[in-house]
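> fold the following.
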Amino acid sequence: MSFWCRLCRLGFVGLGLAFIHAPAVATESNSVGFKLPVLLVHYFPTNGTNIDRRATGDWGESLEFTRAKTLRQTEEIIRALEDGSRHQGWRRPDAPPTLRYQVVGSLEFLRPLPTLPRSGGRVPMTDYNQIAVEADFKTWVEERGVREVWIWAYHGGMVDLWESNMAGPHGDVSNSDRNPDDLPVLAHTYTVYHYNFQRGASEAVENHMHQIEAVLNHVDGRERTPPERWPELLFWGRFVGSDHTHKIVRPGCGWSHYPPNAESDYDWANPRAVLTDMNDWKPDGTGRKALMDSSPWGGNSLRWFVYWMQHLPGPNNGLTFEGRPLRNWWVFIGDYDRARAAGWKLTE
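The predicted model follows:
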């Protein structure tokens, strides 16, 4: 049964809250891949049969249409993330996904997001602690193995949010202000992704891209490295090809906002060609360079994200740095607690 059919079978019921139980699935890991159980949480403030534009700011479509859109985009997000985790999938179509996502539950609240005042903020901040209470994160994380929570809600200039937010025994490494008190710390690390149903799947996947970047930079020690030495770092300097400016200074593999040929943020469709070793990247810089423009990803942001992820060192990558094999970097997304407890770095 396809993922789409599984979600349709789960469905949404009730006027205020849909609560769907699913079998517990623990994170499984090996040298090949990781399973990531996901809880979906939807906040659909309604005004009759439509979404209430007074709450969302710029979205007043029907509840039925909005439900269908989030179902469709959830499928698109999972497909993109799994496709992106296929090591060198851009040239090995048979490469298996390193990450496997499984939706184990779905909750729906037909009311606005809980919020709290934010000092100096024009709009209130999403109250993630309250969402954790309403959705019972503790049960889902500690008893049902959930490792990611995907919140479908809105922005519209009405609320502030974090694209990704983490909590767990090893702290918060995410694309947020890393407030240690804005989510409950539970027995296992979990990451909350906050999507905007007013936008598309590409923007949602970009949340994951920034989380990957945050985690790999943290593991690689960028926060403890003087900015003038960032070009020496394995991930940010050598793999990405950037420095403290966040621009591409040595075309390598780029990052979410900057493909190797980009000249500014979000420059995904730039037609200019640059010499880059992206398709033969080696940490010591000896990879073969070739001209690359935006045609491999068709100038499309979502296709760029998938293409970029497929270049991350995956299982059995055969790469070394200063005499040490490169680890499967997906372990830091697929089994963060295990990697942190073991003190693992990007090299073995």
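> which residues in the stretch 201-348 of the chain form strands?
Assigned by DSSP state E, counting those that start in this stretch, the strands in the stretch 201-348 of the chain fall at 274-276, 290-292, 320-321, 324-325.
> which one of the ones you listed lies closest to Asp265?
Asp265 lies closest to strand 274-276 among the strands of the stretch 201-348 of the chain, at 16.8 Å (C-beta to C-beta). C-beta coordinates here come from the backbone N, C-alpha and C atoms, glycine included.
> helices or strands up against that closest one?
strand 290-292 (3 or more C-beta pairs under 8 Å, 6 or more residues apart in numbering; DSSP states H and E).
> pull the residues that contact the strand it packs on.
Strand 290-292 is contacted from outside by Pro251, Pro260, Asn261, Ala273, Val274, Leu275, Thr276, Asp277, Met278, Asn279, Asp280, using C-beta atoms under 8 Å, 6 or more residues apart in numbering.
> out of the residues you listed, which is nearest to Gly334?
Comparing the contacts of strand 290-292 against Gly334 with C-beta to C-beta places Met278 closest, at 23.3 Å.
> follow-up on the earlier one: hey, which of the strands of the stretch 201-348 of the chain is tucked in deepest?
Scoring the strands of the stretch 201-348 of the chain by mean neighbour count under mean count of other C-beta atoms under 10 Å gives strand 274-276 as the most buried, with a mean of 17.
> ok, it: who's next to it in the sheet?
strand 290-292 (antiparallel) (DSSP bridges).
> any idea how far the strand it pairs with is from the middle of the chain?
Relative to its chain's centre, strand 290-292 lies at 28 Å (C-alpha atoms, centre = their mean, to the nearest Å).
> any low-confidence regions in the stretch 101-250 of the chain?
By pLDDT under 70, the stretch 101-250 of the chain has no low-scoring segment.
> now the helices for it?
For the stretch 101-250 of the chain, helices defined by DSSP state H, counting those that start in this stretch occupy the ranges 128-135, 137-142, 201-219.
> including mean neighbour count, could the ones you listed go into JSON lines?
As requested, the helices of the stretch 101-250 of the chain are exported to JSON lines (neighbours: other C-beta atoms under 10 Å):
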{"stretch": "helix 128-135", "mean neighbour count": "19"}
{"stretch": "helix 137-142", "mean neighbour count": "18"}
{"stretch": "helix 201-219", "mean neighbour count": "22"}
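> make JSON lines from the ones you listed and add distance to Pro37 to it.
Conversion of the helices of the stretch 101-250 of the chain to JSON lines gives the following (distance: least, C-beta to C-beta, whole Å):
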{"stretch": "helix 128-135", "distance to Pro37": "14"}
{"stretch": "helix 137-142", "distance to Pro37": "9"}
{"stretch": "helix 201-219", "distance to Pro37": "16"}
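> minimum distance to Arg54: which of those has it?
The nearest among the helices of the stretch 101-250 of the chain, by C-beta to C-beta, is helix 128-135 at 20.2 Å.
> what packs against the closest one?
Looks like helix 128-135 contacts strand 34-43 (3+ C-beta pairs under 8 Å, 6+ apart).
> please name the nearest non-neighbouring residue to Arg92.
Sequence neighbours aside, Arg86 is the residue nearest to Arg92 in space, at 7.3 Å (criterion: C-beta to C-beta, 6 or more residues apart in numbering).
> in contact with that neighbour, which residues?
Contacts for Arg86 (C-beta under 8 Å, 6+ apart) come out as Arg92, Ala95, Pro96, Pro97, Thr98, Gln310, Gly314.
> neighbours of Asp280, how many?
Around Asp280 sit 11 other residues, with neighbours defined as other C-beta atoms under 10 Å.
> distance of the residue nearest to it when sequence neighbours are not counted relative to Leu234?
Excluding its sequence neighbours, the residue lying closest to Asp280 (C-beta to C-beta, 6+ apart) is Gly287, at 3.9 Å. Applying C-beta to C-beta, to the nearest Å, the value for Gly287 to Leu234 is 14 Å.
> between these two, which has more neighbouring residues?
Taking neighbours as other C-beta under 10 Å, Gly287 and Leu234 compare with Leu234 leading, 22 against 16.
> my guess is the residue nearest to Asp280 contacts Asp277. True?
Yes: using C-beta atoms under 8 Å, Gly287 makes contact with Asp277 at a distance of 3.6 Å.
> mind giving me the domain ranges of this structure?
Following automatic domain parsing, the chain resolves into domains at 3-215, 225-312.
> so where's the longest helix in the chain?
For the chain, the longest helix by residue count, based on DSSP state H, is helix 63-84.
> using CSV, write out every CA atom in it.
Provided in CSV are the C-alpha atoms of helix 63-84 (Å, rounded to 0.1, in the frame of the first residue of the first chain):
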residue,chain,number,x,y,z
LEU,A,63,-11.0,22.8,5.5
GLU,A,64,-11.4,19.9,3.0
PHE,A,65,-9.1,21.6,0.5
THR,A,66,-6.5,22.3,3.2
ARG,A,67,-6.6,18.8,4.5
ALA,A,68,-6.1,17.4,1.1
LYS,A,69,-3.2,19.8,0.4
THR,A,70,-1.3,18.8,3.6
LEU,A,71,-1.9,15.1,2.9
ARG,A,72,-0.5,15.6,-0.6
GLN,A,73,2.5,17.6,0.5
THR,A,74,3.3,15.2,3.4
GLU,A,75,3.7,12.5,0.7
GLU,A,76,5.9,14.9,-1.4
ILE,A,77,8.1,15.7,1.6
ILE,A,78,8.6,12.1,2.5
ARG,A,79,9.4,11.2,-1.1
ALA,A,80,11.9,14.0,-1.4
LEU,A,81,13.6,13.3,1.9
GLU,A,82,13.9,9.6,1.2
ASP,A,83,15.1,10.2,-2.4
GLY,A,84,17.6,12.7,-1.1
